[in-house]
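J.: any chance you can model this:
(chains A and B)
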Amino acid sequence: MIDIKFIRDNLDAVRAAIHNKNSTCDLDRLIAVDDRRRKIQQEADALRAKSNELSAQVGLFKNPKSKWYQEAVAKGTSPDQIRAEGDKLQAESASIKQRIKELEDEEKVVAGEFQNLMLTVPQVPSARTPIGRSAEDNVEVRRWGEPRKFDFKPKDHVELGTALGILDIERGVKLAGTRNYLLRGAGSLLHHAVLRLAMDVIIERGFEPITVPILVRDEMMYGTGYYPGGEEQAYRCERDAKSLVGTAEVSLTAMYGDEILDEAMLPVKVAAVSTCFRREAGAAGKDTYGIYRIHFFDKVEQVVLCRADEAEGEKFHHEIIANAEIVLQKLELPYRILSVCTGDMGQGKVEMYDIETWMPSRNSYGETHSASRFGEFQARRLNLRYKGADKKTHFCHTLNNTVIASPRILIPILEQYQNPDGSVTVPNALRTYMNGLEQIGARTA
RNA sequence: GGAGAGGUGGCUGAGUGGCUUAAAGCGACGGUUUGCUAAAUCGUUGUACGGGUAACACUGUACCGGGGGUUCGAAUCCCCCCCUCUCCGCCA
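T.: Numbers count the residues shown, from 1 in each chain, chains lettered A, B, ... in the order given. Okay, here's the model as predicted:
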């Protein structure tokens, strides 16, 4: 959500954002509803003021203990006269109440529509964000590392993992349906090793590790911008009005919602490893092979809450991207960074970069990380604020990025590190997390 | 899951229908006093949305966990929900 005042003052910029982000937000309707909302408020406020005034008077007339009453009696006014006067005012008050009631009913309807429209207004993207319709218009920023050139016919991760007995998709599907899997033995160890490495890196970079709920109240989904619109993508537990998160970003970002932080607490840098649940509705038939697009996975996520300062937000954006790069570089996996275009970035984002890691079986880079900067979009929805040195409260700015998501990252690991005999060399950086294991499969001796 | 007790400003805590624009204290901020620290003393002290202004000032409304209701008038009475605590039961 962005500031209605900002919207009214920057109609052109918002209109452009709606167009460039392929948003269906009806800006004209929003402005019309807001106009009506303000009119109603003004009228109702005036009536309420009048009503309060009358009630105060009636109070004096009806309360024999009041100073006014006692003075009136002392002056010779009879209790009957006072009561009659009070009844008259009371009748007048009642008629005003009737009109207030009507206005309030309309206010409720209008405010509801206003809220719904406000939730659909996109954040204005940064000036350097490329304008485009879809993922095809994303712009590559830089690359690191060289994709491996194989002198034998490389296998894909499913062939490798199944033959090694570390990946069992069939039984995963038997248990839980399509897009499910089992990781076994060294596969499971590899999965945990990657997460441990990522946690160690992010902690070393100054982030507080936090264990968070992954089944959260729906309002956290609204607060972080996943709802409305993303309900189909999430597993909702309707009878509890809660949802399984698709990322720990939700819990980490909403953690301080409805609070006013001391500026000295900022920036808040937190990270969590959590299981992530995604229904992948609408993705039927897409990436059905292997463990690329699956219903559950584990992810180390990093979140920064900082002051409402554009430059500071940009600084932290670079920082959280660098954090993810450190992990990939430790794993010696080639990757590239994309500046995500307006049409592909999501309504709440100011700026977004994806990191794609080289996946031999796709003969291309595949998305493994996503780094977003939201400005105050999420903070406004979450009512997440801080008190600044200027004594005023401001909405925080929020950012987040993947540190590592597994098992998707196992795709490039298995495929890049495979050997001609079908074994897989364990990346150096992971060996300490796997009891020194150097190779999965064929004998090392 | 059962029974009970609660939820008031940054914090503690009064307030059971109208002299409450939420007492008092603490904290914070500002002034005075002071060789420094401490103490004393005086004052200020929330949020949101409107109106107003160049910006202040000023001003209206709402807010005592959330939402409804009763009433001319609700922190206070009624209903529903959420949360916390205590005891019991169950349990990794």
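J.: I'd say A:L331 and A:V426 touch.
T.: No - between A:L331 and A:V426 there is no contact under Cβ atoms under 8 Å: 10.6 Å. C-betas here are computed from N, CA, C, even on glycine.
J.: just the pLDDT for the residue nearest to A:D262 when sequence neighbours are not counted.
T.: Closest residue to A:D262 apart from its sequence neighbours, by Cβ to Cβ, 6 or more residues apart in numbering: A:K387 at 6.2 Å. A:K387 is assigned a predicted lDDT (pLDDT) of 79.
J.: do A:Q233 as well
T.: According to the model, A:Q233 scores 92 on pLDDT.
J.: where's the residue nearest to it when sequence neighbours are not counted relative to A:N363, distance?
T.: Nearest non-adjacent residue to A:Q233, counting by Cβ to Cβ, 6+ apart: A:R279, 5.5 Å away. Per Cβ to Cβ, to the nearest Å, A:R279 is found 29 Å from A:N363.
J.: between those two, which has more neighbouring residues?
T.: Taking other Cβ atoms under 10 Å, A:R279 and A:N363 do not tie; A:R279 has more neighbours (17 against 8).
J.: got the contact list for that one?
T.: Counting by Cβ atoms under 8 Å, 6 or more residues apart in numbering, A:R279 makes contact with A:E232, A:Q233, A:A234, A:Y235, A:H295.
J.: out of these, which end up buried?
T.: The neighbour-count test (16 or more other Cβ atoms under 10 Å) marks A:Q233, A:A234, A:H295 as buried among the contacts of A:R279.
J.: and which of these is nearest to A:M434?
T.: Nearest to A:M434, judged by Cβ to Cβ, of these is A:H295 at 26.2 Å.
J.: the residue nearest to that closest one when sequence neighbours are not counted: neighbouring residues, count only.
T.: Once flanking residues are discounted, A:H295 sits nearest to A:R179: 4.5 Å by Cβ to Cβ, 6+ apart. Other residues lying near A:R179 total 20 when counted by other Cβ under 10 Å.
J.: and for the one 4 residues further on?
T.: A:L183 is surrounded by 20 other residues when neighbours are defined as other Cβ under 10 Å.
J.: name the nearest residue to it, ignoring sequence neighbours.
T.: Counting by Cβ to Cβ, 6+ apart, the residue nearest A:L183 is A:H191, at 5.1 Å.
J.: could you point out the helix or strand that follows the host helix or strand of that neighbour?
T.: When elements are assigned from DSSP states H and E, A:H191 belongs to helix A:186-204. Following helix A:186-204 in sequence order, the next helix or strand is strand A:208-209 (DSSP H and E).
J.: so what strands line up beside that next one?
T.: In the sheet, strand A:208-209 lines up against strand A:268-277 (parallel) (DSSP bridges).
J.: could you tell me the angle between the strand it pairs with and helix A:186-204?
T.: 160 degrees (axes from the mean of the first three to the mean of the last three Cα atoms, to 10 degrees).
J.: low pLDDT regions in chain A?
T.: Along chain A, the model assigns pLDDT under 70 to residues A:64-67, A:443-445.
J.: and it, which residues reach RNA strand B?
T.: Within reach of RNA strand B by Cβ under 7 Å from any atom of the strand, chain A has these residues: A:4-5, A:38, A:41-42, A:44-46, A:48-49, A:51-56, A:58-59, A:62-63, A:65-67, A:90, A:93-94, A:97, A:108, A:260, A:385, A:392-393.
J.: which ones among the residues you listed map onto strands?
T.: Using DSSP state E, the members of these that fall within strands are A:I260, A:R385, A:T393.
J.: before we move on, the earlier item: look up how far RNA strand B lies from the residue nearest to A:Q233.
T.: 24 Å (Cβ to the nearest atom of the strand, to the nearest Å).
J.: can you confirm that residue is in a strand?
T.: No - under the criterion used here (DSSP: H, G, I helix; E, B strand; the rest coil), A:R279 is coil, not part of a strand.
J.: the strands in the stretch 151-300 of chain A, which residues?
T.: Under the criterion DSSP state E, counting those that start in this stretch, the stretch 151-300 of chain A contains strands at A:167-168, A:182-183, A:208-209, A:215-217, A:235-237, A:242-244, A:260-262, A:268-277, A:296-306.
J.: among the contacts of A:R279, which pair sits farthest apart?
T.: The widest separation within the contacts of A:R279 (Cβ to Cβ) is 13.5 Å, between A:E232 and A:H295.
J.: next up, the contacts around A:K21.
T.: A:P122, A:P125, A:T342, A:G343, A:M345, A:G346, A:Q347.
J.: before we move on, what about A:T432?
T.: Applying Cβ under 8 Å, 6+ apart, no residues contact A:T432.
J.: doesn't it belong to a strand?
T.: No - under three-state DSSP, A:T432 falls outside any strand and is assigned helix.
J.: so how far is A:L197 from it?
T.: Distance, A:T432 to A:L197, by Cβ to Cβ: 9 Å.
J.: now A:H157
T.: In terms of Cβ to Cβ, A:H157 sits 19 Å off from A:L197.
J.: okay, these two: which has more neighbours?
T.: The neighbour count for A:H157 versus A:L197, taken as other Cβ under 10 Å, is higher for A:H157 (25 against 21).
J.: in terms of contact, does that one touch A:R362 like I think?
T.: No - if you go by Cβ under 8 Å, A:H157 and A:R362 don't touch, sitting 10.1 Å apart.
J.: just give the number of residues close to the closest residue to RNA strand B within chain A.
T.: Nearest to RNA strand B, among the residues of chain A, is A:G59, at 2.7 Å (Cβ to the nearest atom of the strand). Look at A:G59: counted by other Cβ under 10 Å, it has 14 neighbours.
J.: can you check A:L430 too?
T.: 21.
J.: what residues of stretch A:13-22 count as buried?
T.: A:V14, A:A17, A:I18, A:N20, A:K21.
J.: among these, which are located in helices?
T.: Members of these lying in helices (criterion: DSSP state H): A:V14, A:A17, A:I18, A:N20.
J.: how about the nearest residue in space to the first one that is not next to it in sequence, phi and psi?
T.: With sequence-adjacent residues excluded and distances taken as Cβ to Cβ, 6+ apart, A:V14 is closest to A:I7, at 5.3 Å. As for A:I7, its main-chain torsions (degrees, to the nearest 10) stand at phi -60, psi -50.
J.: contacting residues for A:I7?
T.: Listed by Cβ under 8 Å, 6+ apart, the contact partners of A:I7 are A:V14, A:L27, A:L30, A:I31, A:V121.
J.: one more time with 10 Å
T.: Residues near A:I7 by Cβ atoms under 10 Å, 6 or more residues apart in numbering: A:A13, A:V14, A:R15, A:L27, A:L30, A:I31, A:D34, A:M118, A:V121, A:V124.
J.: any quick PyMOL command for the buried ones out of these?
T.: This is how PyMOL selects the buried members of the contacts of A:I7, with burial counted by 16+ other Cβ under 10 Å:
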select buried, chain A and resi 14+27+30+34+118+121+124
